[in-house]
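Student: Mind looking at a prediction? Sequence and model below.
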Amino acid sequence: MTKIGIELGIRAKREAIIRAAQIADNNSMEYFLVPETHPEFFGVNALDILSEISDKVNHVKLGTGIINVFSRSQNEITNIANQIFKKTDGKFVLGIGTSAPIIIEKLWKMEFKKPLSRLRDYTNFIKSKYSGPIYWAAVGEKTTKQAAENADGVIFFLKPRDQILDHLNLIDSTLKSVKKSKEEFNVISIIPTYFAENSNQAKMTLAGYIGANEFYAIPLVNAGFQEDVKKIKNAFDKVGLKEAAQFVGDKLLDELVISGSIDECKEKIIKMMESTELKTIILGFDLPEHKYTDEFFEKLDKLLKSIQ
């Protein structure tokens, strides 16, 4: 059966992340992931906060979703990953990826050079000194195939349903070719999730990722959303995010997002769990910092209780 996990967005602060992790733990969720972009601009240092959370939860598996392989050395990632893996008695997943040029070059001020080679090199180094699982973030076919060859799992985000199926088939054939067990390889998809009062934020989130990042725009074009992507990118480049969000249509939202009341979200999650071949679904609640309110956490708790 498909397992469920939780992740807050890159703008969530320490207190909100810890509270969400404890709610996930209390409701027997499988995973709690923490994303990272650049702690000085958005959110937190993912490894630091996960180390802190490890002292406050008992059952939930923790993980990075994801950290990039440019802004830290191989040794730094390995050392902290080992510490968290030990503190959690092995309930830790190291999610790593290349990130994207806009993040690495504009925020970290580093050259986005040979990202896949760098990801493989980091993986090989970390594996030699770290015994826990390593998952790769993957968007396209090339990275997905190499994840199956080199990693222990893959993390998808904003991937259309038909492409998920195609990439699951690609993973299966690749695992067979390298003689790796399908049972030992995890496939996670992070699904943006919003309660009804934050439905407009869903459009803002999609417009931001599509408008600013070719990594996510291209797969959607290939999935038949050419006109949507064109309108979103044109508005994003010429006017801005709010205007671009107006071009995120219902069909695109239905393809990529879970939203609605608690009952509506529950229904969509259960339907997805019953119909997908994904091993794990992560519900990603990506909101502005001030939207992580008591009301939000009360609804999160009710939703998770309803899908246990």
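Tutor: Here it is on my side, so go on.

Student: Now do the helices in the stretch 51-200 of the chain.
Tutor: 74-87, 101-106, 115-127, 141-150, 161-177, 199-212 (DSSP state H, counting those that start in this stretch).

Student: tell me the average confidence for the first one?
Tutor: Put plainly, it is helix 74-87. Averaging pLDDT along helix 74-87 yields 97.

Student: Return the angle between stretch directions for it and helix 115-127.
Tutor: Here helix 74-87 runs at an angle of 50 degrees relative to helix 115-127 (axes from the mean of the first three to the mean of the last three C-alpha atoms, to 10 degrees).

Student: now the helices of the stretch 51-200 of the chain in CSV, with mean neighbour count and distance to residue 12?
Tutor: Just so you know, the C-beta spots here come from the backbone N, C-alpha and C atoms, and that holds for glycine as well. Formatted as CSV, the helices of the stretch 51-200 of the chain follow (neighbours: other C-beta atoms under 10 Å; distance: least, C-beta to C-beta, whole Å):
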stretch, mean neighbour count, distance to residue 12
helix 74-87, 17, 19
helix 101-106, 17, 17
helix 115-127, 17, 25
helix 141-150, 19, 26
helix 161-177, 16, 26
helix 199-212, 21, 13
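
Student: in the protein, which helix or strand is least confident?
Tutor: helix 214-222 (a mean of 88; mean pLDDT, DSSP states H and E).

Student: tell me how far that helix is from the chain's mean position?
Tutor: 16 Å (C-alpha atoms, centre = their mean, to the nearest Å).

Student: can I assume residue 269 is in contact with residue 4?
Tutor: Yes - under the criterion of C-beta atoms under 8 Å, residue 269 makes contact with residue 4 at 7.2 Å.

Student: and for stretch 271-279, what are the contacting residues?
Tutor: By C-beta atoms under 8 Å, 6 or more residues apart in numbering, the surrounding residues in contact with stretch 271-279 are 1-4, 164-165, 168, 186-189, 191, 258, 281.

Student: Quick check: buried residues in it?
Tutor: 272, 276, 278-279 (16 or more other C-beta atoms under 10 Å).

Student: Pull the most distant pair out of those residues.
Tutor: 272 and 279 (12.7 Å; C-beta to C-beta).

Student: Let me see the contact set for residue 209.
Tutor: Neighbours of residue 209 in contact, by C-beta under 8 Å, 6+ apart: 158, 216.

Student: Next one: it from residue 261, what distance?
Tutor: As judged by C-beta to C-beta, to the nearest Å, residue 209 and residue 261 stand 25 Å apart.

Student: ditto for residue 121
Tutor: 46 Å.

Student: so what's residue 8 up against?
Tutor: Residue 8 sits in contact with 16-17, 20, 34-35, 284-287, 292, where contact means C-beta under 8 Å, 6+ apart.

Student: Keep only those of the residues you listed that are in helices.
Tutor: Of the positions in the contacts of residue 8, 16-17, 20 sit in helices, assigned by DSSP state H.

Student: So residue 103 sits against residue 68, correct?
Tutor: Yes - applying C-beta under 8 Å as the test, residue 103 and residue 68 come out as touching, 7.0 Å apart.

Student: what residues do these two have in common as contacts?
Tutor: With C-beta under 8 Å, 6+ apart, residue 103 and residue 68 have no common neighbours.

Student: if we can go back for a sec, what subset of the contacts of stretch 271-279 is buried?
Tutor: Buried among the contacts of stretch 271-279 by 16+ other C-beta under 10 Å: 2-4, 164, 168, 186-189, 191, 258, 281.

Student: Show only the entries of those residues found in strands.
Tutor: 3-4, 186-189, 191, 258, 281 (DSSP state E).

Student: now, among the residues you listed, which is nearest to residue 197?
Tutor: residue 258 (14.6 Å).

Student: what about the closest one, distance to residue 303?
Tutor: 10 Å.

Student: hey, what's in contact with both of the two?
Tutor: Shared contacts of residue 258 and residue 303, counting by C-beta under 8 Å, 6+ apart, come down to residue 265.

Student: sec struct for residue 43, please.
Tutor: Secondary structure for residue 43, judged by DSSP: H, G, I helix; E, B strand; the rest coil, is coil.

Student: nearest spatial neighbour of it, skipping sequence neighbours?
Tutor: residue 10 (4.6 Å; C-beta to C-beta, 6 or more residues apart in numbering).

Student: Give me the pLDDT for the one you found.
Tutor: Confidence for residue 10, expressed as pLDDT, is 93.
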